[in-house]
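# Make a model of this:
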Amino acid sequence: MKITFINPPQTNSKYKFLGVVAPSLGIGYMAAVLEKNGYDVDVIDASALELTYDEIGEEILKRDPDIVSISALTPTIGVALDSADKIKQVKPDTVVVLGGYHPTFEYKSVLEEESVDVVVRGEGEYTLLELVQTIEKHGDLKTVHGLAFHDENDGSLVLTPDRPVVQDLDELPFPAFHLFPMEKYRILNITTNVATIITTRGCPMQCSFCSSAALHGNKLRRRSYSNVVDEIQMRLLEENIDTIAFMDDTFTLNKRFVYDFCREIKRRNLKFWWGCTSRVDTLDEELLQTMKDAGCITIFIGVESADQQTLDKMNKNITVAKTENAFKLARKVGIRTIASCVIGMPEDTRSSIQRTIDYVKKLNPNYALYSLATPYPGTR
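Have a look, this model is predicted:
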(Lines give C-alpha, C1' and ligand atoms only; values in the text may rest on other atoms or scores of the structure.)
Protein backbone atom coordinates (compact mmCIF):
# COMPACT_ATOMS: atom_id res chain seq x y z
CA MET A 1 0.00 0.00 0.00
CA LYS A 2 1.33 3.43 -0.98
CA ILE A 3 0.67 6.72 0.82
CA THR A 4 1.35 10.17 -0.63
CA PHE A 5 1.40 13.29 1.53
CA ILE A 6 0.53 16.68 0.08
CA ASN A 7 1.45 20.08 1.47
CA PRO A 8 -0.99 22.23 -0.54
CA PRO A 9 -0.05 25.48 -2.34
CA GLN A 10 0.32 28.50 -0.05
CA THR A 11 0.29 31.57 -2.24
CA ASN A 12 -0.55 34.15 0.46
CA SER A 13 1.42 32.79 3.40
CA LYS A 14 2.85 35.41 5.76
CA TYR A 15 5.90 33.17 6.10
CA LYS A 16 6.55 33.32 2.38
CA PHE A 17 6.34 37.11 2.69
CA LEU A 18 9.12 36.86 5.26
CA GLY A 19 11.15 34.65 2.95
CA VAL A 20 10.38 31.53 4.98
CA VAL A 21 9.73 28.33 3.04
CA ALA A 22 10.19 25.31 5.30
CA PRO A 23 9.34 21.60 5.26
CA SER A 24 6.20 20.52 7.12
CA LEU A 25 7.10 18.92 10.42
CA GLY A 26 3.69 17.30 10.76
CA ILE A 27 4.02 15.56 7.40
CA GLY A 28 7.63 14.68 8.16
CA TYR A 29 6.74 12.91 11.40
CA MET A 30 3.75 11.04 9.97
CA ALA A 31 5.77 9.92 6.95
CA ALA A 32 8.58 8.71 9.21
CA VAL A 33 6.20 6.63 11.36
CA LEU A 34 4.69 5.02 8.26
CA GLU A 35 8.13 4.31 6.80
CA LYS A 36 9.24 2.78 10.09
CA ASN A 37 6.28 0.41 9.80
CA GLY A 38 7.21 -0.68 6.30
CA TYR A 39 4.95 1.44 4.11
CA ASP A 40 5.82 3.02 0.76
CA VAL A 41 5.61 6.78 1.32
CA ASP A 42 6.32 9.92 -0.67
CA VAL A 43 5.66 13.67 -0.35
CA ILE A 44 4.43 16.33 -2.75
CA ASP A 45 5.26 19.77 -1.33
CA ALA A 46 3.13 21.79 -3.72
CA SER A 47 3.93 24.98 -1.82
CA ALA A 48 7.71 24.71 -2.09
CA LEU A 49 7.55 23.43 -5.68
CA GLU A 50 4.90 26.03 -6.62
CA LEU A 51 2.77 23.43 -8.34
CA THR A 52 -0.57 24.15 -10.00
CA TYR A 53 -3.58 21.91 -9.35
CA ASP A 54 -3.12 20.31 -12.76
CA GLU A 55 0.50 19.53 -11.87
CA ILE A 56 -0.64 18.03 -8.56
CA GLY A 57 -3.00 15.81 -10.55
CA GLU A 58 -0.17 14.77 -12.86
CA GLU A 59 1.99 13.86 -9.87
CA ILE A 60 -0.81 11.76 -8.38
CA LEU A 61 -1.25 9.84 -11.64
CA LYS A 62 2.49 9.27 -11.83
CA ARG A 63 2.89 8.13 -8.21
CA ASP A 64 -0.38 6.14 -8.12
CA PRO A 65 -1.01 6.16 -4.33
CA ASP A 66 -3.74 4.23 -2.54
CA ILE A 67 -4.13 6.93 0.14
CA VAL A 68 -3.42 10.66 -0.05
CA SER A 69 -3.05 12.66 3.17
CA ILE A 70 -3.36 16.45 2.93
CA SER A 71 -2.42 18.82 5.76
CA ALA A 72 -4.42 22.01 6.23
CA LEU A 73 -4.39 25.13 8.36
CA THR A 74 -7.34 27.51 8.31
CA PRO A 75 -5.65 29.87 5.78
CA THR A 76 -4.91 26.90 3.50
CA ILE A 77 -8.15 24.92 3.82
CA GLY A 78 -9.42 26.26 0.48
CA VAL A 79 -6.35 25.15 -1.48
CA ALA A 80 -6.32 21.86 0.46
CA LEU A 81 -9.90 21.13 -0.60
CA ASP A 82 -9.14 22.18 -4.18
CA SER A 83 -6.20 19.75 -4.12
CA ALA A 84 -8.53 17.02 -2.86
CA ASP A 85 -10.94 17.76 -5.71
CA LYS A 86 -8.15 17.40 -8.25
CA ILE A 87 -7.06 14.07 -6.74
CA LYS A 88 -10.58 12.67 -6.99
CA GLN A 89 -10.84 13.89 -10.58
CA VAL A 90 -7.74 12.05 -11.73
CA LYS A 91 -7.93 9.02 -9.40
CA PRO A 92 -11.44 8.64 -7.92
CA ASP A 93 -10.70 5.48 -5.93
CA THR A 94 -7.95 7.14 -3.89
CA VAL A 95 -8.77 7.52 -0.20
CA VAL A 96 -8.35 11.22 0.61
CA VAL A 97 -7.51 12.07 4.23
CA LEU A 98 -7.33 15.60 5.66
CA GLY A 99 -5.56 16.50 8.89
CA GLY A 100 -4.09 19.46 10.74
CA TYR A 101 -5.45 22.35 12.78
CA HIS A 102 -8.45 23.27 10.64
CA PRO A 103 -9.83 19.76 9.98
CA THR A 104 -9.36 18.88 13.66
CA PHE A 105 -11.73 21.62 14.81
CA GLU A 106 -13.95 21.92 11.71
CA TYR A 107 -14.32 18.28 10.72
CA LYS A 108 -18.08 18.64 10.12
CA SER A 109 -17.76 21.29 7.43
CA VAL A 110 -14.68 19.63 5.92
CA LEU A 111 -16.54 16.34 5.56
CA GLU A 112 -19.33 18.09 3.69
CA GLU A 113 -16.89 18.14 0.77
CA GLU A 114 -17.39 15.02 -1.36
CA SER A 115 -13.68 14.82 -2.13
CA VAL A 116 -12.75 14.19 1.54
CA ASP A 117 -13.17 10.65 2.86
CA VAL A 118 -11.69 10.85 6.35
CA VAL A 119 -10.48 13.51 8.79
CA VAL A 120 -7.64 12.80 11.22
CA ARG A 121 -8.17 14.83 14.40
CA GLY A 122 -5.32 15.94 16.66
CA GLU A 123 -1.76 14.63 16.50
CA GLY A 124 -1.70 12.39 13.49
CA GLU A 125 1.26 10.01 13.67
CA TYR A 126 -0.37 6.96 15.21
CA THR A 127 -3.91 7.76 14.10
CA LEU A 128 -2.82 7.76 10.46
CA LEU A 129 -0.74 4.61 10.94
CA GLU A 130 -3.71 2.75 12.40
CA LEU A 131 -5.99 4.16 9.70
CA VAL A 132 -3.67 2.86 6.96
CA GLN A 133 -3.39 -0.54 8.66
CA THR A 134 -7.16 -0.77 9.00
CA ILE A 135 -7.81 0.18 5.36
CA GLU A 136 -5.19 -2.35 4.24
CA LYS A 137 -6.96 -5.11 6.18
CA HIS A 138 -10.44 -3.92 5.09
CA GLY A 139 -11.24 -3.37 8.76
CA ASP A 140 -13.75 -1.16 10.55
CA LEU A 141 -12.67 2.50 10.76
CA LYS A 142 -14.88 2.92 13.82
CA THR A 143 -12.22 1.08 15.83
CA VAL A 144 -9.58 3.73 15.04
CA HIS A 145 -9.41 6.52 17.63
CA GLY A 146 -9.02 10.11 16.42
CA LEU A 147 -11.09 9.98 13.23
CA ALA A 148 -14.17 11.63 11.75
CA PHE A 149 -15.96 10.33 8.66
CA HIS A 150 -19.40 9.54 7.26
CA ASP A 151 -20.81 6.06 7.70
CA GLU A 152 -20.83 4.34 4.31
CA ASN A 153 -24.22 2.76 5.02
CA ASP A 154 -26.44 5.58 6.25
CA GLY A 155 -24.23 8.64 5.73
CA SER A 156 -24.27 9.63 9.42
CA LEU A 157 -21.30 11.44 10.90
CA VAL A 158 -18.99 9.12 12.84
CA LEU A 159 -16.70 10.63 15.47
CA THR A 160 -14.43 8.03 17.06
CA PRO A 161 -12.96 8.60 20.56
CA ASP A 162 -10.09 11.08 20.90
CA ARG A 163 -6.61 9.63 20.71
CA PRO A 164 -4.29 10.50 23.62
CA VAL A 165 -1.35 12.70 22.69
CA VAL A 166 2.13 11.21 22.36
CA GLN A 167 3.65 11.45 25.83
CA ASP A 168 7.23 10.35 25.09
CA LEU A 169 8.33 12.47 22.14
CA ASP A 170 11.73 10.74 22.07
CA GLU A 171 9.97 7.58 20.84
CA LEU A 172 9.06 9.23 17.54
CA PRO A 173 11.43 8.71 14.60
CA PHE A 174 13.06 11.83 13.21
CA PRO A 175 10.96 13.50 10.45
CA ALA A 176 11.47 11.93 7.02
CA PHE A 177 12.96 15.00 5.36
CA HIS A 178 14.69 12.81 2.74
CA LEU A 179 11.27 12.74 1.05
CA PHE A 180 11.15 16.56 0.72
CA PRO A 181 12.71 18.92 -1.87
CA MET A 182 15.19 20.27 0.68
CA GLU A 183 16.89 22.49 -1.89
CA LYS A 184 13.69 24.58 -2.10
CA TYR A 185 13.61 25.73 1.52
CA ARG A 186 14.91 28.97 2.96
CA ILE A 187 14.73 31.24 6.01
CA LEU A 188 14.61 35.01 5.56
CA ASN A 189 15.86 34.46 2.00
CA ILE A 190 19.43 33.91 3.23
CA THR A 191 19.89 30.16 3.17
CA THR A 192 18.74 27.13 1.23
CA ASN A 193 20.17 24.45 3.53
CA VAL A 194 17.55 24.73 6.25
CA ALA A 195 15.67 22.20 8.36
CA THR A 196 12.88 22.69 10.89
CA ILE A 197 12.91 20.99 14.29
CA ILE A 198 10.47 21.01 17.17
CA THR A 199 11.51 20.17 20.73
CA THR A 200 8.14 20.45 22.49
CA ARG A 201 4.42 19.91 22.06
CA GLY A 202 1.68 21.45 24.15
CA CYS A 203 1.58 24.92 25.64
CA PRO A 204 0.68 26.03 29.17
CA MET A 205 0.00 29.57 27.92
CA GLN A 206 -3.55 30.58 27.06
CA CYS A 207 -3.15 33.43 24.54
CA SER A 208 -6.60 34.16 23.16
CA PHE A 209 -5.50 34.24 19.50
CA CYS A 210 -3.65 30.90 19.48
CA SER A 211 -5.03 27.38 18.95
CA SER A 212 -1.89 25.41 19.84
CA ALA A 213 -3.03 24.38 23.31
CA ALA A 214 -6.41 23.30 21.93
CA LEU A 215 -4.71 20.86 19.57
CA HIS A 216 -1.70 19.68 21.60
CA GLY A 217 -2.94 20.20 25.16
CA ASN A 218 -2.00 22.55 28.00
CA LYS A 219 0.76 20.31 29.35
CA LEU A 220 4.23 20.90 27.92
CA ARG A 221 5.83 17.70 26.59
CA ARG A 222 9.53 17.98 25.83
CA ARG A 223 12.08 15.91 23.96
CA SER A 224 15.34 15.30 25.80
CA TYR A 225 18.10 17.69 24.80
CA SER A 226 20.31 14.75 23.76
CA ASN A 227 17.59 13.46 21.41
CA VAL A 228 17.28 16.91 19.82
CA VAL A 229 21.04 17.23 19.36
CA ASP A 230 21.17 13.69 17.92
CA GLU A 231 18.73 14.81 15.22
CA ILE A 232 20.72 17.96 14.52
CA GLN A 233 23.96 16.00 14.23
CA MET A 234 22.33 13.55 11.82
CA ARG A 235 20.99 16.38 9.66
CA LEU A 236 24.32 18.20 9.57
CA LEU A 237 26.19 15.05 8.55
CA GLU A 238 23.69 13.39 6.20
CA GLU A 239 21.70 16.26 4.70
CA ASN A 240 24.24 19.08 4.47
CA ILE A 241 22.07 21.34 6.65
CA ASP A 242 23.63 24.57 7.90
CA THR A 243 20.61 26.32 9.47
CA ILE A 244 17.97 25.06 11.92
CA ALA A 245 14.64 26.79 12.58
CA PHE A 246 13.09 25.70 15.87
CA MET A 247 9.31 25.79 15.50
CA ASP A 248 8.27 25.46 19.16
CA ASP A 249 5.61 27.81 20.47
CA THR A 250 8.20 29.02 23.00
CA PHE A 251 11.66 27.46 22.67
CA THR A 252 12.99 29.28 25.75
CA LEU A 253 10.18 28.34 28.13
CA ASN A 254 12.45 25.99 30.11
CA LYS A 255 15.82 27.69 30.66
CA ARG A 256 17.49 24.55 32.00
CA PHE A 257 16.72 22.77 28.73
CA VAL A 258 18.20 25.66 26.72
CA TYR A 259 21.40 25.67 28.79
CA ASP A 260 21.76 21.87 28.50
CA PHE A 261 21.05 22.05 24.78
CA CYS A 262 23.63 24.77 24.15
CA ARG A 263 26.21 22.97 26.28
CA GLU A 264 25.70 19.75 24.33
CA ILE A 265 26.08 21.55 20.99
CA LYS A 266 29.42 22.94 22.08
CA ARG A 267 30.53 19.61 23.59
CA ARG A 268 29.95 17.88 20.25
CA ASN A 269 31.53 20.80 18.39
CA LEU A 270 28.55 21.19 16.06
CA LYS A 271 28.66 24.28 13.86
CA PHE A 272 25.39 25.64 12.46
CA TRP A 273 23.14 28.70 12.61
CA TRP A 274 19.78 28.55 14.33
CA GLY A 275 16.75 30.60 15.23
CA CYS A 276 13.85 30.09 17.62
CA THR A 277 10.70 31.54 19.13
CA SER A 278 10.54 33.16 22.54
CA ARG A 279 8.52 35.10 25.08
CA VAL A 280 9.92 38.31 26.53
CA ASP A 281 9.46 37.04 30.09
CA THR A 282 11.75 34.05 29.47
CA LEU A 283 14.82 35.99 28.32
CA ASP A 284 17.77 37.38 30.23
CA GLU A 285 21.26 38.46 29.18
CA GLU A 286 23.02 35.29 30.38
CA LEU A 287 20.62 33.03 28.49
CA LEU A 288 20.85 35.11 25.32
CA GLN A 289 24.64 35.13 25.42
CA THR A 290 24.69 31.36 25.91
CA MET A 291 22.39 30.95 22.91
CA LYS A 292 24.51 33.32 20.80
CA ASP A 293 27.68 31.39 21.67
CA ALA A 294 25.95 28.17 20.55
CA GLY A 295 25.01 29.59 17.13
CA CYS A 296 21.67 31.36 17.65
CA ILE A 297 21.32 34.24 15.20
CA THR A 298 17.60 35.10 15.24
CA ILE A 299 14.76 35.14 17.78
CA PHE A 300 11.08 35.44 16.88
CA ILE A 301 9.41 37.38 19.74
CA GLY A 302 5.72 37.92 20.35
CA VAL A 303 5.27 41.65 20.98
CA GLU A 304 1.56 41.59 20.02
CA SER A 305 0.61 45.11 21.18
CA ALA A 306 1.92 48.32 22.72
CA ASP A 307 -1.19 48.61 24.87
CA GLN A 308 -1.03 46.87 28.26
CA GLN A 309 -4.79 46.57 28.51
CA THR A 310 -4.89 44.83 25.13
CA LEU A 311 -2.10 42.47 26.22
CA ASP A 312 -4.06 41.62 29.34
CA LYS A 313 -7.23 40.89 27.37
CA MET A 314 -5.17 38.63 25.09
CA ASN A 315 -4.16 36.76 28.25
CA LYS A 316 -0.57 37.26 27.11
CA ASN A 317 0.76 37.73 30.67
CA ILE A 318 3.64 39.99 29.67
CA THR A 319 4.35 43.67 30.22
CA VAL A 320 5.44 46.40 27.85
CA ALA A 321 8.50 47.02 30.06
CA LYS A 322 9.64 43.39 29.75
CA THR A 323 9.25 43.59 25.99
CA GLU A 324 11.48 46.65 25.76
CA ASN A 325 14.10 44.99 27.95
CA ALA A 326 14.12 41.78 25.87
CA PHE A 327 14.83 43.65 22.63
CA LYS A 328 17.48 45.74 24.34
CA LEU A 329 19.27 42.62 25.60
CA ALA A 330 19.05 40.87 22.22
CA ARG A 331 20.67 43.87 20.54
CA LYS A 332 23.36 43.93 23.21
CA VAL A 333 24.46 40.34 22.60
CA GLY A 334 24.04 40.61 18.82
CA ILE A 335 21.05 38.35 18.07
CA ARG A 336 18.66 39.47 15.33
CA THR A 337 15.02 39.91 16.32
CA ILE A 338 11.67 39.46 14.60
CA ALA A 339 8.90 41.41 16.32
CA SER A 340 5.51 39.76 15.83
CA CYS A 341 2.32 41.72 16.46
CA VAL A 342 -1.40 40.99 16.31
CA ILE A 343 -3.46 43.96 15.16
CA GLY A 344 -7.21 44.25 14.87
CA MET A 345 -8.19 42.58 18.14
CA PRO A 346 -11.78 43.40 19.24
CA GLU A 347 -10.56 46.14 21.58
CA ASP A 348 -8.18 47.72 19.06
CA THR A 349 -8.77 51.16 17.58
CA ARG A 350 -7.04 53.05 14.80
CA SER A 351 -5.02 54.96 17.39
CA SER A 352 -4.03 51.85 19.38
CA ILE A 353 -2.85 50.12 16.20
CA GLN A 354 -0.79 53.19 15.30
CA ARG A 355 0.73 53.16 18.80
CA THR A 356 1.76 49.54 18.28
CA ILE A 357 3.39 50.37 14.95
CA ASP A 358 5.24 53.31 16.50
CA TYR A 359 6.22 51.15 19.47
CA VAL A 360 7.73 48.48 17.23
CA LYS A 361 9.79 51.14 15.47
CA LYS A 362 11.08 52.16 18.90
CA LEU A 363 12.00 48.55 19.69
CA ASN A 364 14.11 48.59 16.50
CA PRO A 365 13.84 44.91 15.54
CA ASN A 366 15.55 43.54 12.44
CA TYR A 367 12.18 42.44 11.08
CA ALA A 368 8.57 43.14 11.99
CA LEU A 369 5.54 41.01 11.23
CA TYR A 370 1.99 42.34 11.66
CA SER A 371 -0.70 39.66 11.61
CA LEU A 372 -4.39 40.49 11.36
CA ALA A 373 -6.34 39.07 14.29
CA THR A 374 -8.36 36.16 12.93
CA PRO A 375 -10.87 34.02 14.86
CA TYR A 376 -9.28 30.69 13.94
CA PRO A 377 -11.10 27.53 15.02
CA GLY A 378 -9.70 26.38 18.36
CA THR A 379 -8.97 29.90 19.64
CA ARG A 380 -10.85 31.69 22.37
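
# what ranges do the helices span in the stretch 201-350 of the chain?
Assigned by DSSP state H, counting those that start in this stretch, the stretch 201-350 of the chain shows helices spanning 212-216, 225-238, 255-267, 285-293, 308-313, 320-333, 350-363.

# Going along the chain, name the strands of the stretch 1-150 of the chain.
Ranges of strands in the stretch 1-150 of the chain, per DSSP state E, counting those that start in this stretch, are 2-7, 40-45, 67-71, 95-99, 118-120, 147-150.

# Identify each buried residue in the first one, please.
It stands for strand 2-7. Within strand 2-7, the residues scored as buried using 16 or more other Cβ atoms under 10 Å are 3-7. Glycine gets a C-beta too; all of them are placed from N, C-alpha and C.

# any chance of those in a markdown table, with pLDDT too?
What follows is the buried residues of strand 2-7, written out as a markdown table (pLDDT from 0 to 100):
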| residue | pLDDT |
| --- | --- |
| I3 | 98 |
| T4 | 98 |
| F5 | 98 |
| I6 | 97 |
| N7 | 95 |
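
# Out of those residues, which is nearest to D151?
Using Cβ to Cβ, I3 is the member of these that lies nearest D151, at 23.5 Å.

# which residues does the closest one bridge with?
Beta-bridge partners for I3, by DSSP bridges, are V41, I67.

# Would you confirm that it contacts P65?
Yes: if you go by Cβ atoms under 8 Å, I3 and P65 touch, sitting 6.0 Å apart.

# in this structure, which helix or strand is least confident?
helix 14-17 (a mean of 54; mean pLDDT, DSSP states H and E).

# For the closest residue to G139 other than its chain neighbours, give its distance to T127.
Leaving aside its chain neighbours, G139 sits nearest to Q133 (7.8 Å; criterion: Cβ to Cβ, 6 or more residues apart in numbering). Distance of Q133 to T127, computed by Cβ to Cβ, to the nearest Å: 11 Å.

# Between the two, point out the one with more neighbours.
T127 (23 against 15; other Cβ atoms under 10 Å).

# Distance check, that one against P365.
From T127 across to P365, the span is 39 Å (Cβ to Cβ).

# any idea how far G202 is from H216?
For H216 relative to G202 (Cβ to Cβ), the value is 5 Å.

# thinking again about what came up before, export the strands of the stretch 1-150 of the chain as TSV, with columns for distance to V280.
Below are the strands of the stretch 1-150 of the chain laid out as TSV (distance: least, Cβ to Cβ, whole Å):
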stretch	distance to V280
strand 2-7	32
strand 40-45	33
strand 67-71	31
strand 95-99	33
strand 118-120	35
strand 147-150	38
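
# now A339, nearest residue through space, not along the chain?
Leaving aside its sequence neighbours, A339 sits nearest to P365 (Cβ to Cβ, 6+ apart; 3.9 Å).

# Give me the neighbour count for the one you found.
Neighbour count of P365, defined by other Cβ under 10 Å: 20.

# Now the common contact residues for I3 and P65.
Common neighbours of I3 and P65, counting by Cβ atoms under 8 Å, 6 or more residues apart in numbering, are D42.

# hmm, back to that, shared neighbours of H216 and G202, which are they?
Taking Cβ under 8 Å, 6+ apart as the criterion, H216 and G202 both touch V165.

# can I see the domain layout of the protein?
2-159, 186-372 (automatic domain parsing).

# Could you point out which of the ones you listed sits nearest Q167?
domain 186-372 (6.4 Å).

# can you tell me the average pLDDT over that closest one?
Regarding domain 186-372, the rounded mean pLDDT is 91.

# what are the ranges of the helices in the stretch 51-200 of the chain?
So, for the stretch 51-200 of the chain - with DSSP H, counting those that start in this stretch - the helices run 53-63, 77-90, 101-105, 107-110, 125-136.

# Single out the most deeply packed of those.
For the helices of the stretch 51-200 of the chain, the largest average neighbour count (mean count of other Cβ atoms under 10 Å) is found in helix 101-105, namely a mean of 24.

# what helices or strands is that one leaning on?
Helix 101-105 is packed against helix 77-90, strand 118-120, helix 212-216, with contacts defined by 3 or more Cβ pairs under 8 Å, 6 or more residues apart in numbering; DSSP states H and E.

# which outside residues touch that helix?
Residues contacting helix 101-105 (Cβ under 8 Å, 6+ apart): 72-74, 76-77, 80, 110, 119-122, 211, 214-215, 376-378.
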